[in-house]
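**Q** here is my input, please return the structure:
(2 chains)
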Amino acid sequence: MAAIDAPAAARAPREVNRQARTAWGLATPALALMFLILLVPVVVAGVLSFTNYSLGNSGFDWVGFKNYDRLFSRSTYEKMFVATFTYVAVVVPVSVALGLGAALLVNSLGRIGDVYKTIYFLPVMATLLAMAIVWEFMLHPTIGVINQTLELSCGTFLEVIPFLGNGCADGFPLWLGDRDYAIWVLCFIGIWQGFGFNMVLYLAGLTAVHRELYHAAEMDGAKSAWERFRLVTWPALGPTTVFVVTISCIRAFQVFDTVEAFWPQGGGPNKSTYVMMFAIFEKGVQQNLIGIGSAITMLFLVFVMFLTLIQRWLVERKVHY
Amino acid sequence: MAGLSISSVTKRFGDTEVLKGVTLDVADAEFVSLVGPSGCGKSTLLRIIAGLEDPTSGDIAIDGKGVTGTRAADRNLSMVFQSYALYPHLTVAENIAVPLRMRSLTATQRLPLIGPFLPGAKDQRAEIATAVQKAAEMLEIGTLLDRKPGQLSGGQRQRVALGRALVRDPAAFLLDEPLSNLDAKLRVQTRAEIAQLHRRLNATFIYVTHDQVEAMTMSDRIAVMMGGEILQCDAPSVIYEDPSDIRVAEFIGSPKINILPVELSNAELTLSGRVLGRVTESTQAGVFQLGLRPEALKLTQAEPMMAGNVAHMENLGSEVYAQVALADQTARVTLRAAPAERHKLQLGAQVGLGFDLKDGLIFDVDGKRQRRLEVAVTHAREVA
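**A** Residues are numbered from 1 along each chain as shown, chains lettered A, B, ... in the order given. Model prediction:
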């Protein structure tokens, strides 16, 4: 036995080493690419956020936390945060709720549900930039369909509604040109564009709900649709909801094309729609202020990372049974 | 607790007629099994009783009151599902409490956070907790109350599903193949436990299964279903010994009953040319089917009624089953023998088989039992 065991024992570590080397060898291309195209740019952006670098300059100066200091002291950036968080805080809950509602309704239909599914999904498939131009026409203060439709109510009993009454007297809103309306128009288009995607995710989640659970709920005395939803559907959709909320948050933080299409010159009336992505584009690309652009990018990355970590934590702790 | 009555219930799914007029009365505290091959409509019938499915025609009454139009939640029945259908996000205790919470707490009292502080909610919640504890102790799952269904084994989940059914006091328990997901050993154990539970609760049970052993061992009465009809509903011993249809005889009993063609002509009943008995009364001549349980056949040397070679033998220890290929027929018959006779049943051995016609069941070509003919034949033998 000893004669057989000794070489085997000697061979074992060598074999393990060889396997480990092969494994590292095979993983190297993927690791190299990951570093080069994912991690290095992040690190470069992080480094540049502490400089005053501009593209074309031969050198740069270290400015320490000055870029970050500006982000938290200048009123422009205050407006950036207000616009971004307003957009996220409105678009995420509404598009998730609408997505869930649409999914439940579509799911309860038979074959006609497919028609609704396609219709609700159309805005997701369409290019937002092109759609934004169509919205721009519709929202035009004088020749747009929206204000023209609203004007039809003038002279009718509908004028008792304050919004329509005031509109008929003083003219209807300039939608895209009014700082009180611009951000809400942006939110509306974001919801219109995004909820179909959430609906599709929820529809996929709904197929995983065990049908017998609904029968069990009925036998247990859950009489209303709301009680069955609370007892069966909503808990079963927990993992889907976490995913949908995270994806919606990230997409909402990334809103850019609508703003660029509506207000190419500087983020809406009185910077009321100056969202983060647009700020990065304006500072980093249009004005060639790489330092400040990188600082906003890093902040953006922190928000998204934070959301992703919350998602991981929730998924592991709460929604998987 | 209450009795149930099902009268001429039919159910169609499109062009398919799943139930063709089923009538069944279940007495208070009775344990009735619906047994049949898959696709015979037994689960559909149970779901119609539960109210999860509407019958195309016919009526259901619980305790004399018609409930055909009543929704499932208002019928006061409990159901155990084949997949157990436990709520995966709730603990065992919460799962068992659901039927009580849904019925005894108002919608506002069930609200999270503020619900427990509403007037009356505290007492109700305490009552529910006591009831859950009692049910859990009855099923010996008291130590599992804080776990989620995902952390339980199949047998434990099954108990939780039972606990959720018996925590309140329903008019009847409906069980849809509750043992089919358990392994063989656990199935035998749980079978006995459900039967004990029935005696202890003294409640009405309707139990759907495709397993004849479950039906035979647990029920007061068995309803054998096939092709959307109840063929026979009787006590297990009657179903086994005195089936009124050849399909019942073939479905119940393992190994399957032996069916042999017999002929009645000139007042003589013959099996492949051999006279089995004479009929005194004038009975219609024709071809019949003779059913013989494996235990009705005996090994015999003197005047065997059939002869053949042993084609296959199964030794179960306490008894031996042998398949004998009959010399003059293509059919095989199965015979049960005592272990002492095992040496006679070597593969290929020539054996003679005999039986007492009293143990035989005679069916016509359509499968209907011919009790009058049986009596006539036996009577004739006794006279002779």
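
**Q** contacts only, for the nearest residue to B:Leu276 once chain neighbours are set aside.
**A** If the residues on either side of it in the chain are set aside, B:Leu276 comes closest to B:Leu269, at 4.7 Å by C-beta to C-beta, 6 or more residues apart in numbering or on different chains. (C-beta placed from N, C-alpha, C; glycine too.) Neighbour list for B:Leu269: B:Val262, B:Glu263, B:Val275, B:Leu276, B:Gly277, B:Arg278, B:Val279, B:Phe288, B:Val377 [criterion: C-beta atoms under 8 Å, 6 or more residues apart in numbering or on different chains].

**Q** if any of the residues you listed are buried, give me the PyMOL selection for them.
**A** Only the buried entries of the contacts of B:Leu269 go into this PyMOL selection, using 16 or more other C-beta atoms under 10 Å in any protein chain shown:
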select buried, chain B and resi 262+276+277+278+279+288+377
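
**Q** interface residues of the stretch 151-300 of chain A facing chain B?
**A** Residues of the stretch 151-300 of chain A lying close to chain B by C-beta under 8 Å from any C-beta of the partner chain are A:210, A:212-213, A:215-223, A:227, A:231-232, A:235-236, A:238.

**Q** hmm, 10 Å instead?
**A** Contact residues (C-beta under 10 Å from any C-beta of the partner chain) of the stretch 151-300 of chain A with chain B: A:210-224, A:226-227, A:230-232, A:234-236, A:238.

**Q** of these, select the buried ones using a PyMOL command.
**A** Buried residues among these (16+ other C-beta under 10 Å), as a PyMOL selection:
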select buried, chain A and resi 210+212+213+214+215+216+217+218+219+220+221+222+227+230+231+232+235+236+238
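
**Q** out of the residues of the stretch 151-300 of chain A next to chain B, list just those in helices.
**A** The members of these that map onto helices under DSSP state H are A:211-219, A:226-227, A:234-236, A:238.

**Q** which residue packs closest to the residue of the stretch 151-300 of chain B found nearest chain A, ignoring adjacent ones?
**A** Here the residue of the stretch 151-300 of chain B nearest chain A is B:Arg164; by C-beta to the nearest C-beta that distance is 7.2 Å. Leaving aside its chain neighbours, B:Arg164 sits nearest to B:Ile96 (5.0 Å; criterion: C-beta to C-beta, 6+ apart).

**Q** where does the one you found land in three-state SS?
**A** When classified by DSSP: H, G, I helix; E, B strand; the rest coil, B:Ile96 comes out as helix.

**Q** might one say that it is in contact with B:Gly142?
**A** No. Look at B:Ile96 against B:Gly142 with C-beta atoms under 10 Å: they stay out of range, at 11.1 Å.

**Q** re earlier: how about the ones in helices among the residues of the stretch 151-300 of chain A next to chain B, which pair is most distant?
**A** Across these, no pair lies farther apart than A:Met219 and A:Gly238, at 23.2 Å, counting by C-beta to C-beta.

**Q** quick revisit: could you dump the helix or strand harbouring the residue nearest to B:Leu276 to CSV, C-alpha only?
**A** Per DSSP states H and E, B:Leu269 falls inside strand B:268-271. The C-alpha trace of strand B:268-271 is given here as CSV (Å, rounded to 0.1, in the frame of the first residue of the first chain):
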residue,chain,number,x,y,z
GLU,B,268,-74.0,-26.7,-19.8
LEU,B,269,-71.3,-24.2,-18.9
THR,B,270,-68.0,-25.1,-20.6
LEU,B,271,-64.5,-23.7,-20.4
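
**Q** so what secondary structure elements neighbour the helix or strand containing A:Phe121?
**A** Secondary-structure element containing A:Phe121, defined by DSSP H and E: helix A:112-125. On a contact count with 3 or more C-beta pairs under 10 Å, 6 or more residues apart in numbering or on different chains; DSSP states H and E, helix A:112-125 meets helix A:75-108, helix A:182-206.

**Q** for the first one, which positions count as buried?
**A** Of the residues in helix A:75-108, those buried under the neighbour-count criterion (16+ other C-beta under 10 Å) are A:77, A:79-81, A:83-84, A:86-88, A:90-92, A:94-96, A:98-100, A:102-104, A:106-107.

**Q** and the residue nearest in space to the middle of chain B, what's its pLDDT?
**A** For chain B, the residue nearest the mean C-alpha position is B:Ala215 (3.1 Å; C-alpha atoms, centre = their mean). The model reports B:Ala215 with a pLDDT of 92.

**Q** would you confirm that it contacts B:Val208?
**A** Yes. Contact status for B:Ala215 versus B:Val208: in contact at 9.5 Å, counting by C-beta under 10 Å.
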